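Student: here are the coordinates; sequence isn't available:
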């Protein structure tokens, strides 16, 4: 049986042998190896940023402030949140009367002003996200402390740190033939475990998740749109869902993941994303860890905004992998400042890349911050196994070692080992890539109940005040096909 490292090496060598001639012709080395990178050159570069909607490096800040952004959609509340057969009506090509021409400075919050305190006027334009019977639009309300880049088509956010909170909204198209729980993206030939794409097909909204519009907003406009969205909610009435992504995640991919979770859960409340400045590469683990830590004051400001000012009556949070590190520390401070009688609804900690002992200490200190806390862990999570080695050999909170998973009072632990079967067999994103686990999260958020009603659990244990559920096992067909599926996805990934 090959080890994880052997699999990586073998697959990489095979791919290089096949595609090396193509790479010599199609790959510009300068695009991927910047000479001025402040950390390993394998991190995303300005060229890569441009492909995600960014601008060329060195653009004067004044130019960035004068950028034109897309108008606020008049039909945001009519965009289908998730899974609904209804199609958003064609939005007006002009700005709504109540938001046209608004020029508002971002209010000062946390470590600094929202959106850098710069004017975020809504510039009228005829460009609106197209609406079609072939796709559905899903709004994602985001906060980020990534550096802003202005491109010809739209704004974007890079791996660099902006050291301020910026908020806005992205409108994501989900194709009508979307297969749960995938994130359909254009076919690409990629060197395994890197962001280096040797070839990528063009994206089509009818086939792929695409960002149709992204708008940086003032705090006033942001809250207005969120409240309109919440007012239209029904199944998840007045419910806000915040997603905090993990390691090795670009801004665009975090937006796509948030839209996928929203759509697949048929979540008609307000979906939020906090995107800290991850480098988006396998080699950037150390940078990501430090970058996540420095984002804490900005994440705190964003949580304060959502919890205290949007009017949401319920707020649930899903944190994945390294995203648990800043979130848990922020919750320690947030607990002491939350208004009396207010608490989070559900706190979902998926595959937390957090030291096991530190995790226990922090979770004890935030007892009562949410009505329910759920931990998803797996014994076959190869990403956390690698993290354990990098961090001195101590188990991570999202692992299930031979001694068993983390079990503690006030936490429902889900041993998802048998159900984990995500892309490449790394088994690190089962919370979103395994439909049973995702539906379990959806039911938990919708009903606000845990306990014996957990969907699909076949084994249950309760001890020391904690509870552990084990998920149903994989099918025989999947066990037989996993090696081939993993190899195919490694060479030809089709989802983000």
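Tutor: Okay, I see it. What you are looking at is a predicted structure, and each value in this text was computed from that prediction instead of being measured.

Student: which residues in the stretch 151-300 of the chain form strands?
Tutor: Using DSSP state E, counting those that start in this stretch, the strands of the stretch 151-300 of the chain run over residues 155-175, 188-190, 197-200, 210-216, 239-244, 270-275.

Student: now the fifth one against strand 270-275, angle please.
Tutor: Interaxial angle of strand 239-244 relative to strand 270-275 (axes from the mean of the first three to the mean of the last three C-alpha atoms, to 10 degrees): 20 degrees.

Student: what helices and strands are in contact with strand 239-244?
Tutor: Here strand 239-244 touches helix 219-231, helix 251-264, strand 270-275, helix 296-309, strand 314-320, helix 324-335, going by 3 or more C-beta pairs under 8 Å, 6 or more residues apart in numbering; DSSP states H and E. Backbone N, C-alpha and C define where each C-beta goes, glycine included.

Student: returning to what we had before: of the strands of the stretch 151-300 of the chain, which is nearest residue 325?
Tutor: Counting by C-beta to C-beta, residue 325 lies closest to strand 239-244 out of those; the figure is 9.6 Å.

Student: check which residues of stretch 394-401 are buried.
Tutor: Residues 395-400 are the ones in stretch 394-401 that count as buried (16 or more other C-beta atoms under 10 Å).

Student: could you do stretch 273-287 as well?
Tutor: Quick answer for stretch 273-287 (16+ other C-beta under 10 Å): 273-285, 287.

Student: which of those fall in helices?
Tutor: 285, 287 (DSSP state H).

Student: wait, which of the buried residues of stretch 273-287 is closest to residue 372?
Tutor: So of these, ranked by how close each gets to residue 372 (C-beta to C-beta), first place is residue 274, at 20.3 Å.

Student: so how far is the first residue of stretch 224-239 from its last?
Tutor: When the termini of stretch 224-239 are compared using C-alpha to C-alpha, to the nearest Å, they are 16 Å apart.

Student: do stretch 353-370 as well
Tutor: For stretch 353-370, the end-to-end distance is 20 Å (C-alpha to C-alpha).

Student: tell me the mean pLDDT for it?
Tutor: Mean per-residue pLDDT for stretch 353-370: 94.

Student: quick one: buried residues of it?
Tutor: For stretch 353-370, by 16+ other C-beta under 10 Å, it's 353-356, 359-360, 362-363, 366, 369-370.

Student: surely residue 178 and residue 184 touch.
Tutor: Yes. Between residue 178 and residue 184 there is a contact at 6.2 Å, judged by C-beta atoms under 8 Å.

Student: quick revisit: okay if I get the buried residues of stretch 273-287 as TSV plus pLDDT and distance to residue 342?
Tutor: Output for the buried residues of stretch 273-287, formatted as TSV (pLDDT from 0 to 100; distance: C-beta to C-beta, whole Å):
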residue	pLDDT	distance to residue 342
273	98	22
274	98	19
275	98	25
276	98	25
277	97	29
278	96	30
279	91	35
280	88	35
281	83	39
282	80	39
283	82	41
284	89	37
285	92	36
287	95	35
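
Student: now flag whichever of the buried residues of stretch 273-287 is closest to residue 139.
Tutor: Nearest member of those to residue 139, counting by C-beta to C-beta, is residue 273, at 10.7 Å.

Student: who's in contact with that closest one?
Tutor: Contact partners of residue 273, counting by C-beta atoms under 8 Å, 6 or more residues apart in numbering, are 140-144, 242-245, 254-255, 258.

Student: out of those, which two sit at the greatest distance?
Tutor: Once C-beta to C-beta is applied, the contacts of residue 273 give 141 and 245 as the farthest pair, at 14.7 Å.

Student: now residue 377: which helix or strand?
Tutor: Here residue 377 sits within strand 370-377, counting by DSSP states H and E.

Student: partners of that strand, with directions?
Tutor: The strands that strand 370-377 pairs with in its sheet are strand 344-350 (parallel), strand 412-415 (parallel) (by DSSP bridges).

Student: got the ones you listed as JSON lines, with mean pLDDT and mean neighbour count columns?
Tutor: Formatted as JSON lines, these follow (pLDDT from 0 to 100; neighbours: other C-beta atoms under 10 Å):
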{"stretch": "strand 344-350", "mean pLDDT": "95", "mean neighbour count": "25"}
{"stretch": "strand 412-415", "mean pLDDT": "92", "mean neighbour count": "24"}
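
Student: tabulate those in JSON lines, adding columns for distance to residue 332.
Tutor: Shown next, in JSON lines, are those (distance: least, C-beta to C-beta, whole Å):
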{"stretch": "strand 344-350", "distance to residue 332": "13"}
{"stretch": "strand 412-415", "distance to residue 332": "20"}
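
Student: of all those, which lies closest to residue 442?
Tutor: strand 344-350 (10.5 Å).

Student: ok and that closest one relative to strand 314-320, angle-wise?
Tutor: Going by the same axes, to 10 degrees, strand 344-350 makes 10 degrees with strand 314-320.

Student: other SSEs contacting the helix or strand that strand 344-350 is followed by?
Tutor: Following strand 344-350 in sequence order, the next helix or strand is helix 356-365 (DSSP H and E). Packed against helix 356-365 by the contact rule (3+ C-beta pairs under 8 Å, 6+ apart) you find helix 324-335.

Student: between the helices and strands packed on strand 239-244, which one is nearest to residue 196?
Tutor: helix 251-264 (15.4 Å).

Student: remind me what the closest one packs against, helices and strands.
Tutor: With contacts defined as 3+ C-beta pairs under 8 Å, 6+ apart, the packing partners of helix 251-264 are strand 135-150, strand 155-175, strand 210-216, strand 239-244, strand 270-275, helix 430-433, helix 435-447.

Student: mean pLDDT for the ones you listed: which is lowest?
Tutor: For the helices and strands packed on helix 251-264, where the average pLDDT is lowest is helix 430-433, sitting at a mean of 79.

Student: for that helix, packing partners?
Tutor: helix 251-264, strand 314-320, strand 344-350, helix 435-447.

Student: the third one versus helix 435-447: what angle between them?
Tutor: In this case it means strand 344-350. Going by the same axes, to 10 degrees, strand 344-350 makes 170 degrees with helix 435-447.
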